[in-house]
Structures are given as structure tokens and as C-alpha cells.
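Chemist: pasting the sequence and the predicted model now:
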Amino acid sequence: MSMLRGLQGRILGFLGALLVVLQVAVFFVVDMVSTRAARAQLERQLTMDADIFRELLARRTAQLTIGARVLSGDYALKTVVATGDDPTIRTALNSMRLRIGADRMLLVDDQGRVRVDTRDAPGSPQPSPFPRLVALTEDRDVAAAVDVLDGLLYQFVVVPLLAPDPVAWVGLGFVIDDDLASELRRLTAAHVTFLAPRTGGGWIAAASTLSQGSRDALARTIPPRLDQAPTSFALDREDYLVRTVPLEQADGRVGVVIQVSLSAALEPAAQLRVTLMAVFAGALLLSILVGVVIARMVSKPVRDVVRAVRTAATGDYAHRVPVRGADELGELARAVNHMAATLAERETALRRSEEQLGNARKMEAVGRLAGGIAHDFNNLLVVIMGRAEAIRDALAPDDPRRADVLLVEETAERAAGLVRQLLAFSRRQVLRTRVLSLNTVIETFEPMLRRLTGEHVTLSLRLAPDVVPVRADAGQIEQVLLNLVINARDALPDGGRVTIETANGRLPATGAPCAVLAVRDTGTGIPSDMQEHIFEPFFTTKEVGKGTGLGLATVYGIVAQHGGEIMVLSAPGSGSHFSIYLPQAPVAPIEPLVTSGPAPADTRGTETVLVVEDEAEVRRLMAAALRARGYTVLEAADGAAAVALATRQRRGIDLVVADVVMPTMGGREMLAQLRAKLGDVRVLLVSGHSPELLARYPTMAEPAIGFLHKPFTMETLARKARELLDGA
């Protein structure tokens, strides 16, 4: 029950945590979206407010311009101005100001000095804008500007009085005050502040909808350059978005600040957050209640499953879980029932796997044994084959003992072939791989296969013309063909058909592209109980004395060493079908099967040869064979002795024949020291070891280094030595 309570708790905890995470995520997303939307709306509002402001000022400027153009041609005004009486001029100007609706009207001379002003105001320390405006009228009939005059901000228009040349200039102006700012606020719902330059630097708020303290704080916030003004700031503990608009007619000296309250705009978002929190709290409570119900619904089937699993753990597979419905819990119950029903089968399969693992270990042990004895056994075969060769050459062609010697040689060759089969099975033979076509190998080897099958067996080829190339040892592929065809022939005592096929396919294990070599026959077939043993060493279905049991084991080892796979389909009376999958070679030209040149006609020589071999009989045999062919031979029992001999000899050694693996000093170290003393001396390495050991030593990659795998005949040794000495 504690386990079930823990399960219920985990379900509730999971649902609660999931809902909290979802709620928090939704909360932040909604808050972020609503805040961004409100801010974007305010940005659009500010843009529209700025446009409204510009339009209003443009209309005021147009109104002043119309009035100014009327004044520029007014004859009565020109007449009054010509009198030069300032009170009369002021009266006329004031009358016209009221008629036009301007707040202020002035008469200025050609230097921009004010002669008559409709407003009595004390002198102002700010510079007058009229000299600049009078200068502008030289290029246009009306000049407009926004500037400070007598401490107030005005929107001015200046026009010359033509008679016909200008005799004076009249300025019309609208004051920009808090009333105008309030009018703009009514139109835009935004606070508006007009900024004018302060004497000594900074800004003053000439007109604004803000309180006096707020407008002073705003003036201190705006930097000297209006284009560097912030887009938002806090004022009176409230956040505002701000748009600063420089006035073109003021040359950037006067600007307008339009500001809208961000806090007020975000008030709906704040209310939405409160609403979401309430909704989330209710959803969390509801999820807890739903989670309790779900946890109880889940715990009962899970308890049944736990009971069934514990029963099965005791070895009782008869207990079954009640299946309730077709949902996932029902599927779980059916799965547990299926598990209980198949446990016995799995135990049987496990025993079978253990048996197969034992067989695999036995096969691996045989492979290690084969690799281990290969070196010593090959040394013995070298001596047997070499001595038999020497005795044969010493006998007359008609000597009756010659047949016995030939039998010894044949038996030694068979023993060497048996060792090669063992090494092939254990994947320890030396491979000479090249990119080749299976079709070429088969067609080249076909005459030999036909001689093996005999006349009572029909051998046919079905070779795909586009079969992909593979990287393989042609001799090992021939060995595979030889063993499979011999097995097929032996399964056809009364005659039949053997077919060799090639095709393109996919490796069963990985699906990689490959070439498929198949050998099928119409013979007796293989019983199913024997098929799982056919690749084991020394297992054979043939009569005693008719087979070694290494044929298919050799095939298996060769295919595995090439990175391929082998499959068999067979049934008694239906023949056998062996399929071999070899990986496709990388893109490369196909190499010819025959790469060696012709053997030298004469294997004799007069050069000096150093023979290094730790097996005394093998060393004496090789030395005797080379001396018999005219060579001067030096002998060393190991690498250290060879280096010491070379140190004394210094020069004159033309070829080193050395075993690869020796006590005291191995072939690689010995070769390095010999070359340090003798230069690039030619070397013939011999060994009966597996390629795992040989991979650590020099190979035939260099033209000056050759290799012979034991066992070999003395004639082969002499021929290889001659090839190296001649630079072949």
C-alpha cells in the first residue's frame, strides 16, 4: 500500500507541477503580450498625436500667412507707416491685429529692430528673432518662425510693406501658452509641453499641460539635443512614453514634448494579471481533485500488475492480471500476461543461447589454439619440406626412393593446407586484399571447379553483369568457392546441378550495399538439427575419413575476416543454398588478379646474405639452400646477434633474411638497427604468425622489403631472394 500511496503522490505531484508550470508560462506569455500590445498602441498614439500637433501649427501658420499677405499690399497701412507717428501706427496695427485675430503685431525696420509693438512689454534679454526673419524675406514674400520674445513663446510671420520697395516690415504672431497646450491635450489625450531655450543653457517649459513642478522636472530631463531625448522616463512616480518633436520653423531651438502615461495604459494588463491568478488558483484546486480520482483509478490496475509480477518472480507463471478495458492500463495487463506466458519459452531460449555461447567460446578457443601452434608447426613443415626437397634433388630421376620423397612433400603440403584452413577459420591468416570483381574471380577459377565437380555434376554460372566490386583476397575467395563446390559435389552422389550466382544486395545486419555470392545445389540437403552446427570446426556429416570438418568452418572464418555475412537455406531432399554477403568496396578501380611478374629464370647468386632465425634447424636449412645456389651466407640466432655481426661486418651484406618474431630482439627493432649500420639493405621477412602480431612489424609496403609466410620451399625462398636482389 505504501508503494501505491507513493504512486498516487507522484501522480498528484506530477499533475500539480505540470499545471503550475503551464500556468506560470501562460501568465508570463499573456503579461508579456499584453504589455507589448499596450506599449505598441501608445507608440502609435504618440505618432498620431505628433501628426495632429504638426497639422495644428501648420494651420495657425497658414492663418498668419494669409493675414500677412493682405497687410503687405494694404495701402492704408503703408500710408500710416509713412506718417512716422508711432502712436498712430500702434493704433492702426492694433486695429488690424484684432481684425486678423493675432495675439501680437509689430513694426520693425530693415535691421529687425522693433519700432512699434501692440503689446507693452519690458525689454527681454533673449535675442530678437526679427533680424533673421527680415533677412529671410529677401528670398520669399513671407518668413515664419517659432521663437521666444519678451519671455513668451510666439509663432511669428513677418511680411515686408512694399511701396514699391520695402519701407518697413510687419510681424504677426500667435502666442503659444498653456491654453494652446490644453487645446492640444483635448485633441490628443496626451500631455503637451513646449520647450524653449533657457538663457545660460538648458530648457524652460514655455507652455505645458503639466503642473509647474512637473514641467520644471521635465525641462531638466530633456538633454540639450532634442534628437537625444529619451523615449520613456518616470515623472511624478509615473512611467511615460515620450515623443520629442523639434519645430522646423524654430531651427531646432524650440521643441514639443508629447507624453502619454504608460502606467495608465498598462492598468488593464494589471487587472488581467489579477484575473489570471484567480483562474490559476481555481484550476490548481480542480487539478488536485482530478488527480486524486485519476490516481485511484490507476493504482488498482497497477496493484494487480505488481501482484502478478511478484508471483512470476517466484516461478509461478499461471497467474493472470484481470484486463479492464482497452486503454493503456488494459494493454499493460495484457503485456504482463503475455510476459508470464512467454517466460518459459525465454528460459528455453536462454538455455539454447548459453549452449551457443559455449560453442562460440569453444570455436574461439580452437582459433586461438590454431594461431598459437601455427608458428611452431610451420617451422617444422619448413624443415620437412626443405629436407625432402634436398633429398629429391639429390636422387636420380629413376631412383625408386624418389616416389617416397614426393609422397613426403605432398603430405607436408597437405599439412600446410590444413594449417591454412585452421588460420582461415580463426581469422588469423594473412590477407592480400584488393578491389576486385567477384565475376572475374569466378570466371578465372571456373576451369578448376569443373575439374573438381566431375562429369556427373553440371556446373553453371549465373553472374550479374553489374555486380558491385568488393575488397577481398582473391585466393581466399577461391578457397570459399572450392570448399562450397566440393561440399555440393559430395551432396550429389548420383549427379545433379551446382549453380554459382552473383548479384547485388544488402548486408542483413546493417543494410549496407554489398555483393552476394551464392552457391546452390540440388543435393541431399542438410537436416535442420544439424544446420546450427555446420560452421563449427571438425563437425561433418560425411563418413569417417571423407572429411576433416574444417571446410565450412574455413568458409565462415574467411567471410567474417572480410567483414561479410553467410546464410544457409537447406532441407533434406531440397538441396542447399549458401549465400555470402561481402561489403561493397569504396569507389576505386578494380585491380587485376595477377600482379606479380614472371619468376626469375636463375635463382643463383654470389651476393652476401645474412640469415636471422631463432629455430636452428630452419636457419641451417635456409643457409644451406642459399649456399648451394652460390650465395655467401652469414648466420645469426637472434636480432642481437645479427646486429653484432653487422657491426663487425660493416659492409658487404646485400640481403637480410629474418624471422619476424624472435626472442631478445624482434624483427622491427633489429631491422631499424641494421639499416642504421648497413643503409637501405634489402630485407626478406619470414613468419608463420598471425596478422595481429605481424601488424606491428614492417610489411611489403616498401619495395626493398619482401615477405614469405611459412611454410615455404627452398626453391620459393631462393626465387624471392633473387627477386629482391634484382630489384623486382
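Modeler: In hand now; what should we look at?

Chemist: every contact and neighbour count from this point should use C-alpha atoms.
Modeler: Noted.

Chemist: show the low-confidence segments of the stretch 601-728 of the chain, by residue range.
Modeler: For the stretch 601-728 of the chain, the stretches flagged by pLDDT under 70 are 601, 650-651, 689-704, 728.

Chemist: where exactly do the helices run in it?
Modeler: 616-628, 639-649, 667-678, 691-694, 714-725 (DSSP state H, counting those that start in this stretch).

Chemist: hmm, what's the outermost residue in the chain?
Modeler: Thr83 (95.2 Å; C-alpha atoms, centre = their mean).

Chemist: any idea of the pLDDT on it?
Modeler: pLDDT recorded at Thr83 is 80.

Chemist: ok, now how distant is it from Glu43?
Modeler: Noted for Thr83: a distance of 56 Å to Glu43, by C-alpha to C-alpha, to the nearest Å.

Chemist: the closest residue to Gly202 other than its chain neighbours: what's it in contact with?
Modeler: In this structure, Gly202 finds its nearest non-sequential neighbour in Pro224, 6.1 Å apart by C-alpha to C-alpha, 6 or more residues apart in numbering. Contact analysis of Pro224 by C-alpha atoms under 8 Å, 6 or more residues apart in numbering lists 201-203.

Chemist: go through stretch 481-501 and flag the buried ones.
Modeler: 481-485, 487-492, 495-501 (16 or more other C-alpha atoms under 10 Å).

Chemist: let me fix that: stretch 445-460
Modeler: Of all the residues in stretch 445-460, those buried under the rule 16+ other C-alpha under 10 Å are 445-446, 449, 453, 457, 459.

Chemist: now do stretch 621-641
Modeler: So for stretch 621-641, counting by 16+ other C-alpha under 10 Å, buried means 621-627, 631-641.

Chemist: quick check: mean pLDDT across the helix or strand hosting Glu55?
Modeler: Per DSSP states H and E, Glu55 falls inside helix 2-72. Helix 2-72 carries an average pLDDT of 74.

Chemist: for it, packing partners?
Modeler: With contacts taken as 3 or more C-alpha pairs under 8 Å, 6 or more residues apart in numbering; DSSP states H and E, helix 2-72 sits against strand 152-162, strand 166-176, helix 178-188, strand 238-246, strand 255-261, helix 262-265, helix 267-313.

Chemist: generate JSON lines for the ones you listed, with mean pLDDT, distance to Ser687 and mean neighbour count as supplementary columns.
Modeler: Output for the helices and strands packed on helix 2-72, formatted as JSON lines (pLDDT from 0 to 100; distance: least, C-alpha to C-alpha, whole Å; neighbours: other C-alpha atoms under 10 Å):
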{"stretch": "strand 152-162", "mean pLDDT": "84", "distance to Ser687": "111", "mean neighbour count": "24"}
{"stretch": "strand 166-176", "mean pLDDT": "85", "distance to Ser687": "111", "mean neighbour count": "22"}
{"stretch": "helix 178-188", "mean pLDDT": "83", "distance to Ser687": "102", "mean neighbour count": "17"}
{"stretch": "strand 238-246", "mean pLDDT": "80", "distance to Ser687": "90", "mean neighbour count": "19"}
{"stretch": "strand 255-261", "mean pLDDT": "82", "distance to Ser687": "95", "mean neighbour count": "23"}
{"stretch": "helix 262-265", "mean pLDDT": "71", "distance to Ser687": "91", "mean neighbour count": "17"}
{"stretch": "helix 267-313", "mean pLDDT": "71", "distance to Ser687": "57", "mean neighbour count": "15"}
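
Chemist: got TSV for these, with distance to Gly605 too?
Modeler: TSV is the format used below for the helices and strands packed on helix 2-72 (distance: least, C-alpha to C-alpha, whole Å):
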stretch	distance to Gly605
strand 152-162	122
strand 166-176	123
helix 178-188	115
strand 238-246	105
strand 255-261	110
helix 262-265	106
helix 267-313	80
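
Chemist: which of the ones you listed sits closest to Asp726?
Modeler: Between Asp726 and the helices and strands packed on helix 2-72, the shortest gap by C-alpha to C-alpha is with helix 267-313, which sits at 76.1 Å.

Chemist: quick one, the helix holding Glu55 and helix 178-188 angle?
Modeler: 130 degrees (axes from the mean of the first three to the mean of the last three C-alpha atoms, to 10 degrees).

Chemist: what angle separates helix 2-72 from strand 166-176?
Modeler: 150 degrees.

Chemist: partner strands of the one helix or strand Thr458 maps to, parallel or antiparallel?
Modeler: Using DSSP H and E, Thr458 sits within strand 457-463. Pairing partners of strand 457-463, with direction, according to DSSP bridges: strand 496-506 (parallel).

Chemist: I'd like the next helix or strand past the partner strand.
Modeler: For strand 496-506, the succeeding helix or strand toward the C-terminus, using DSSP H and E, is strand 513-521.

Chemist: residues in contact with that next one: which ones?
Modeler: Contacting residues not belonging to strand 513-521 are listed as 438, 467-470, 484-485, 488, 496-507, 575-584 [C-alpha under 8 Å, 6+ apart].

Chemist: and which of the buried residues of stretch 445-460 is nearest Ala333?
Modeler: Leu459 (58.0 Å).

Chemist: tell me where the stretch 451-600 of the chain has strands.
Modeler: In the stretch 451-600 of the chain, the strands defined using DSSP state E, counting those that start in this stretch lie at 457-463, 470-473, 496-506, 513-521, 565-570, 576-583.

Chemist: quick one: mean pLDDT over the host helix or strand of Ala333.
Modeler: In this structure, Ala333 is located in helix 328-394 according to DSSP H and E. Confidence over helix 328-394 (mean pLDDT, whole number) is 69.

Chemist: could you do stretch 487-507 as well?
Modeler: Mean predicted lDDT for stretch 487-507 stands at 89.

Chemist: make 532 the starting number, not 1.
Modeler: Okay, using 532 as the starting number, the last item reads as stretch 1018-1038.

Chemist: what's it in contact with?
Modeler: Against stretch 1018-1038 from outside (C-alpha under 8 Å, 6+ apart): 969-970, 984, 987-995, 997-999, 1016, 1043-1056, 1095-1096, 1107, 1112-1114.

Chemist: any idea how far it is from the middle of the chain?
Modeler: 45 Å (C-alpha atoms, centre = their mean, to the nearest Å).

Chemist: can you give the domain ranges for this protein?
Modeler: 604-707, 710-796, 962-1114, 1139-1256 (automatic domain parsing).

Chemist: out of these, the one nearest Ala943 is which?
Modeler: Closest among the domains of the chain, using C-alpha to C-alpha: domain 1139-1256, at 9.2 Å.

Chemist: keeping just the C-alphas, turn stretch 1158-1165 into CSV.
Modeler: C-alpha atoms of stretch 1158-1165 as CSV (Å, rounded to 0.1, in the frame of the first residue of the first chain):
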residue,chain,number,x,y,z
ARG,A,1158,74.9,-21.5,-50.1
ALA,A,1159,74.1,-24.3,-52.6
ARG,A,1160,73.0,-21.6,-55.0
GLY,A,1161,76.3,-19.7,-54.7
TYR,A,1162,75.5,-17.1,-52.1
THR,A,1163,77.8,-16.2,-49.2
VAL,A,1164,75.7,-16.8,-46.1
LEU,A,1165,76.1,-15.4,-42.6
